[in-house]
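Asks: Make a model of this:
(one chain, ligands or ions: 1)
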Amino acid sequence: MNNRDKQRNLIIISAVLLLTIGIANYINYYAPPKPIGKILSFSSLSEKEQQQLFEKAKKENNNIETNIQEDENSVSKVDVSESELKQDNYLNYAIDSNGKLVRWNKKKITVFVSESEYKNTIYKALSTYNSTFEKYFTFYLAKDRENSDIKIDVVNHFSSNDNKDSIYMAGITNNSFSGSDKHLTNSHIQILSKKPNSNKKITDSEVYRVVLHELGHALGIIGHSPNNNDVMFASESVNKLSLRDIATIKLMYSGNQSLIKSETKNFADTKLKEAEDYAKKSPNKAISWVNLGRVYYDLGKKEDALGAYKKALAIEPKNPLIYQSMAECYYSSLKYDVAIKYYNIALENISTDEQKAPIYNMIGMCYAKQDKFENAYQYFKQAYEIDSNNRMLLKNYLVACVELDKKQEAITAINNYKSKFPDILNEDFVKDVIKWAK
Ligand SMILES: [Zn+2]
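Replies: Numbering: from 1, shown residues only. I've put the predicted structure just below:
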């Protein structure tokens with residue numbers, strides 16, 4: 001294969017893909033207790049409701065496999081009238097700072113709820129969503145944690161690393177997404193079992209409210225509603241989905257692109273203001289500055305982004321996410337050597353291989369962009385060895401093999417991958433590599 005342009009092309013495409021694979025952190029500020037009378041009290045899910053939910057899950061779970069192959073069209077268009085969608089909403093706050101929707105690209109979303117005394121309350125929140133958004137998507141209970149889309153845990157402490165001083169938080173949602181359409185691939189909700197700042201147990205109605213809120217994030221609402229009558233308000237949120245909450249989520253899942261576009265015309269101003277306000281309100285939280293940096297970055301303001309990231313570093317000098325974000329700025333400014341430096345510092349502060357793989361890949365990218373394929377090869381190979389089901393990592397590894405004339409190695413890698421995912425042989429690039437290796 002002599003077509004170097006093709007390889008160049010491939011590298012660039014891969015980079016774009018990688019940058020869209022990320023973990024987003026969403027924070028729900030803990031709401032100070034409301035006056036007693038305002039707290040909705042309810043018993044846990046009735047026997048009947050519980051049974052219905054389980055029956056539904058059981059019936060439908062037979063159709064649910066790890067990789068549900070759904071017809072994309074069944075998701076992209078929901079048959080509803082414009083008037084149902086054209087309601088007051090806060091879609092500008094829900095989308096990301098590129099102006100893109102982050103959401104599930106399927107209608108069946110599986111949820112695993114770990115054991116806790118709040119399980120029924122969590123089911124109740126899930127069924128509230130199900131009855132409200134019936135036409136748009138449905139939550140199904142998953143029996144198997146690993147194969148579920150959304151995981152919900154009630155915990156004593158958050159597992160994420162940026163919450164050491166999180167006296168204000170009741171719940172956190174970590175979302176993973178991928179692809180240029182930014183579809184969600186995984187979401188993890190954690191609910192604190194105790195009220196921050198005290199040892200008091202959280203009540204059922206508080207769990208209900210927090211789960212309602214976090215589920216909004218798990219569905220892809222990136223920011224918060226500016227209106228305190230909405231579940232997605234950042235603090236003191238209400239315990240009932242408002243018309244604006246409902247309209248926003250319906251729009252997100254409607255697939256009505258023209259309406260979504262017109263409703264998000266002014267997203268850039270909104271996102272920037274939201275991130276700036278957030279940083280002003282919580283200047284001692286690194287995540288505030290990381291978020292602000294991310295918005296600047298997305299709006300093409302790389303210098304401002306670096307400034308925000310440096311403020312985050314002053315608070316958490318060992319947070320690898322910050323170094324990665326800075327590296328990303330340098331990478332996209334074509335300053336590859338500086339990017340490599342920051343990626344390496346991120347690596348020093350990361351312990352799991354799983355988190356290292358995307359960084360190895362990016363270091364490989366930095367070298368590949370400079371035509372240093374000996375170095376690129378080392379990193380692409382390491383990344384692929386850690387995450388050997390990842391097609392993009394395989395391709396980058398193959399690119400380096402081709403550049404360095406490692407024919408046998410390329411074929412071995414393809415064969416290994418093929419044994420798991422035979423459809424890899426349909427890809428033109430892989431066909432070309434095989435032809436070249438013969
Ligand atoms: Zn939130």
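Asks: Flag every buried residue along stretch 102-119.
Replies: Buried positions in stretch 102-119, judged by neighbour count with 16 or more other Cβ atoms under 10 Å: 102-113, 116, 118-119. Every C-beta, even on glycine, is put in place using the N, C-alpha and C of the backbone.
Asks: so where is the protein shaky, pLDDT-wise?
Replies: Confidence mapping of the chain against pLDDT under 70 gives the ranges 1-76, 160-168, 196-197, 236.
Asks: Could you pull out the strands in it for me?
Replies: Taking DSSP state E as the criterion, the chain contains strands spanning 22-29, 108-113, 138-141, 150-155, 169-178, 183-192.
Asks: right, and the ones you listed - which one's nearest Tyr336?
Replies: Of all those, it is strand 22-29 that lies closest to Tyr336, at 20.0 Å by Cβ to Cβ.
Asks: How about Trp350, nearest residue that isn't a chain neighbour?
Replies: Trp isn't right for residue 350; it's Ile. Pro320 (4.9 Å; Cβ to Cβ, 6 or more residues apart in numbering).
Asks: residues near that neighbour, how many?
Replies: By the criterion of other Cβ atoms under 10 Å, Pro320 has 21 neighbours.
Asks: circling back to that earlier point, tell me which of the strands of the chain approaches Thr270 most closely.
Replies: strand 22-29 (16.5 Å).
Asks: Which of the buried residues of stretch 102-119 sits closest to Leu347?
Replies: Closest approach to Leu347 among those (Cβ to Cβ): Val102, at 26.7 Å.
Asks: so who does that closest one touch?
Replies: Contacts for Val102 were tallied using Cβ atoms under 8 Å, 6 or more residues apart in numbering; they are 24, 95-96, 175, 177, 182-184, 220, 222.
Asks: go again using 6 Å as the cut-off
Replies: Going by Cβ atoms under 6 Å, 6 or more residues apart in numbering, Val102 touches 96, 177, 182, 220.
Asks: circling back to that earlier point, Ala314 is nearest to which of the strands of the chain?
Replies: Comparison of those against Ala314 by Cβ to Cβ identifies strand 22-29 as nearest, at 18.6 Å.
Asks: Mind putting the strands of the chain into JSON lines with distance to Val238?
Replies: Converted to JSON lines, those look like this (distance: least, Cβ to Cβ, whole Å):
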{"stretch": "strand 22-29", "distance to Val238": "13"}
{"stretch": "strand 108-113", "distance to Val238": "22"}
{"stretch": "strand 138-141", "distance to Val238": "21"}
{"stretch": "strand 150-155", "distance to Val238": "20"}
{"stretch": "strand 169-178", "distance to Val238": "14"}
{"stretch": "strand 183-192", "distance to Val238": "17"}
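Asks: Please name whichever of those strands is nearest to Asp230.
Replies: Of the strands of the chain, nearest to Asp230 by Cβ to Cβ is strand 22-29, at 12.8 Å.
Asks: For the stretch 151-300 of the chain, which segments are assigned as helices?
Replies: Secondary structure of the stretch 151-300 of the chain (DSSP state H, counting those that start in this stretch): helices at 204-218, 243-254, 257-263, 267-281, 286-298.
Asks: Take those helices and write them to a markdown table, including mean neighbour count and distance to Ala368.
Replies: Converted to a markdown table, the helices of the stretch 151-300 of the chain look like this (neighbours: other Cβ atoms under 10 Å; distance: least, Cβ to Cβ, whole Å):
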| stretch | mean neighbour count | distance to Ala368 |
| --- | --- | --- |
| helix 204-218 | 25 | 35 |
| helix 243-254 | 22 | 36 |
| helix 257-263 | 13 | 35 |
| helix 267-281 | 18 | 32 |
| helix 286-298 | 24 | 22 |
